[in-house]
Structures are given as structure tokens and as C-alpha cells.
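Engineer: Got a predicted structure plus its sequence, pasted below:
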Amino acid sequence: MQDYGLEAIETSEAIRASMYATPALPLKTVLDPAASVLISGHFAADKYVRQLPDATLITFLRYPVNQVLSHFRHHVARLGFNGGLAEFCRNPAFNNLQSRYLRDVQLGEFSFVGILECLALDILTLSDVVGTKLSLLHLNRLEELPSIPITQRQIAMIEESNADDMALYAAALAMRGRPRHRP
């Protein structure tokens, strides 16, 4: 199942019926108790923890500069943002997104922490961790937009305005290769 928010067409109907209904239904009421379930998407890490306390937590992080540039391109291409990169970076709503999504769950609580820049290898490793072959998909790409030329000064600006994400990413990199608990 997928959860990209109420407005996203990718969000699964079972997620809509439980997590976004008024009043919200317990998620377990819409799940097959005999089935294994994977919920992917963009949501706070703790969103499902109370309802699925035995869940195996998995996350992927991205180098914050790449994440901000991707997010900027998405807002320009899909959401009509017409400001520049500096204006985008000055907006607190666009800073430290990864840290905010993970704020209530420590990295050590995840059974797997992947790095987007190592996606092909990490999908293979994750396949081994979960015991099933996972495919690498390339969805939601913005090839229609040219890449953004970026200067060292802009990189420094992004890193500074995303200091929490930089620290989180460094911690995730330090975890790479260390044995993790299995689901």
C-alpha cells in the first residue's frame, strides 16, 4: 500500500479509508490479518507505529543537497513555484524535511536505513533483509526539466539551511555496513 497523502492518486484506498477517514478507522480493520503488508510513501515515520507496533521500519535518506534540489524542481514543475533557489531555501517549510519526517523515531529503531545515492545496491541488500526480491523502479522523474547548475556557494547555503538533515545523513552513512537487527 502507499501513503502519499490524501490528495495523491497513489495513496491506497485502504489507507484513505483508515488513516484519512473522519472519524479515522483502526488500520487493522482494513488489513488482511494473514497478509504481510508494506506501506510506502512520504509520511512521518511514527504515523503507523502505534497501530502497527510490530512493524519493521525501513527508510531511505538522500544527500540533503540532492534532496533540496529535487524538491525545488518538483515544486517548480508540478506545483507552480516561480521563485529562485535562494528564496526556496529561505522558506523553513522546505528545510530539514528528512529530519522532520523522522523526528520521533531514532535511526537505530529502523531495521534498514538505505541511502538513495546507493539505491541499486541498497535495494539488493533490502531484498535480502526482507526475504523477497524487490525491483528498482524509476517513478516520478522530472526529465522534462533541465538540471540545475549549482555553485559551491549554493551548496553551502543548502547545507547550512539543512543542518539537521546533514547530521542525520552523516549518521546514516556511519551506520552503513554495520549489522542490524533482522525483522
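Structural biologist: Alright, I've got the coordinates. Residues are numbered from 1 along each chain as shown.

Engineer: For the rest of this, base every contact and every neighbour count on C-alpha atoms.
Structural biologist: OK.

Engineer: and the gap between the residue most central in space within the chain and Arg50?
Structural biologist: Centroid-nearest residue in the chain, with C-alpha atoms, centre = their mean: His42, separated by 5.1 Å. According to C-alpha to C-alpha, to the nearest Å, His42 stands 18 Å off from Arg50.

Engineer: Tell me how many other residues crowd Ala34.
Structural biologist: 6 (other C-alpha atoms under 10 Å).

Engineer: you'd agree it is in a helix?
Structural biologist: No. Counting by DSSP: H, G, I helix; E, B strand; the rest coil, Ala34 is not part of a helix but coil.

Engineer: any idea how far the residue lying farthest from the centre of the chain is from Glu7?
Structural biologist: Within the chain, the residue lying farthest from the chain centre (C-alpha atoms, centre = their mean) is Ala34, at 27.0 Å. Computed as C-alpha to C-alpha, the Ala34 to Glu7 distance reads 29 Å.

Engineer: again with Ile158
Structural biologist: Going from Ile158 to Glu7 by C-alpha to C-alpha gives 28 Å.

Engineer: Please identify which of the two sits among more neighbours.
Structural biologist: Shown here are Ile158 and Glu7; by other C-alpha under 10 Å, Ile158 has more neighbours (25 against 9).

Engineer: Confirm for me that that one is in contact with Asn66.
Structural biologist: No. Contact criterion C-alpha atoms under 8 Å: Ile158 and Asn66 do not qualify, at 9.5 Å.

Engineer: Sweet, I'm off.
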